[in-house]
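Undergrad: 3D model of this:
(one chain, ligands or ions: 1)
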Amino acid sequence: MLTERMTKALNEQINAEMFSAYLYLSMSACFSEMNYSGFAQWMKVQAMEEMSHAMKIYDYVIERGGRVELLAIEEPAKSWETPLAAFEAAYQHEQYITGRINDLMNIAIEEKDHATNIFLQWFVTEQVEEEASADEIVQKLKLVGDHGNAIFMVDRELGSRTFTLPTPA
Ligand code: OFO
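TA: All right, here's what the predicted structure looks like:
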């Protein structure tokens, strides 16, 4: 059984993951408008991944006999000046999410909730990957600078990303 405090924190994380999905879908729409179909595809896949993160927590709360409460999803920003600005914002957002996962882990420890602690370990590892992949693209875009052809090549490369359901916790 989850404590009330743990349940509340997990419900808030469902919301944060859904907001991540909204944010990346908004970036995808912005890229589509700019005719960067590869960046748009990458962000769309990222949005689906975020929804799967939310669902993972949703299923866990229910499995533990907790009550899922869905909260209002904040409206994301709608436009970014350049691909670099969007990916920098994505990287910053992932750092914020990592902080949230760490806070959740601290609550699990304080509540002596070992099952939730183990469950959250998947997210701790996932965040390392989430930060690394966003930062890698930021670095690549910094390297290519204003060179249109090179940006086009990065766009093409990122367009090959497809969605695969993350491995179970
Ligand atoms: Fe769910 O990892 Fe990104 O936000």
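Undergrad: and Y58, how many residues sit next to it?
TA: Y58: 19 surrounding residues under other Cβ atoms under 10 Å. C-beta here means a position set from N, CA and C on the backbone, and glycine is covered the same way.
Undergrad: Kindly apply the preceding question to V144 instead.
TA: Neighbour count of V144, defined by other Cβ under 10 Å: 16.
Undergrad: Secondary structure element holding the residue lying closest to it once chain neighbours are set aside?
TA: Once flanking residues are discounted, V144 sits nearest to A150: 3.7 Å by Cβ to Cβ, 6 or more residues apart in numbering. Following DSSP states H and E, one finds A150 within helix 148-158.
Undergrad: can you list contacts of that helix?
TA: Helix 148-158 is contacted from outside by Y36, S37, G38, F39, Q41, W42, P83, I137, K140, L141, V144, using Cβ atoms under 8 Å, 6 or more residues apart in numbering.
Undergrad: tell me the mean pLDDT for that helix?
TA: Taken as a whole, helix 148-158 has a mean pLDDT of 96.
Undergrad: Buried residues, it. List them.
TA: Going by neighbour count (16 or more other Cβ atoms under 10 Å), the buried part of helix 148-158 is I151, V154, D155, L158.
Undergrad: swap in stretch 90-97?
TA: Applying 16+ other Cβ under 10 Å to stretch 90-97 flags A90, Y91, H93, E94, I97 as buried.
Undergrad: Restricted to helices, list those residues.
TA: Here DSSP state H is the test, and these give A90, Y91, H93, E94, I97 as lying in helices.
Undergrad: now stretch 17-28, how far from the chain's geometric center?
TA: Chain-centre distance of stretch 17-28: 8 Å, with Cα atoms, centre = their mean, to the nearest Å.
Undergrad: who touches that stretch?
TA: 39-44, 46-48, 50-51, 53-54, 57, 73-78, 80, 86, 89-90, 93, 97.
Undergrad: Buried members of those into ChimeraX, please.
TA: Filtering the contacts of stretch 17-28 down to the buried ones (16+ other Cβ under 10 Å) takes a single ChimeraX command:
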select :39,40,41,42,43,44,46,47,48,50,51,53,54,57,76,80,86,89,90,93,97
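Undergrad: Also within reach of the ligand: list those from the contacts of stretch 17-28.
TA: Contacts with the ligand within these, as defined by Cβ under 6 Å from any ligand atom: E50, H53, I97.
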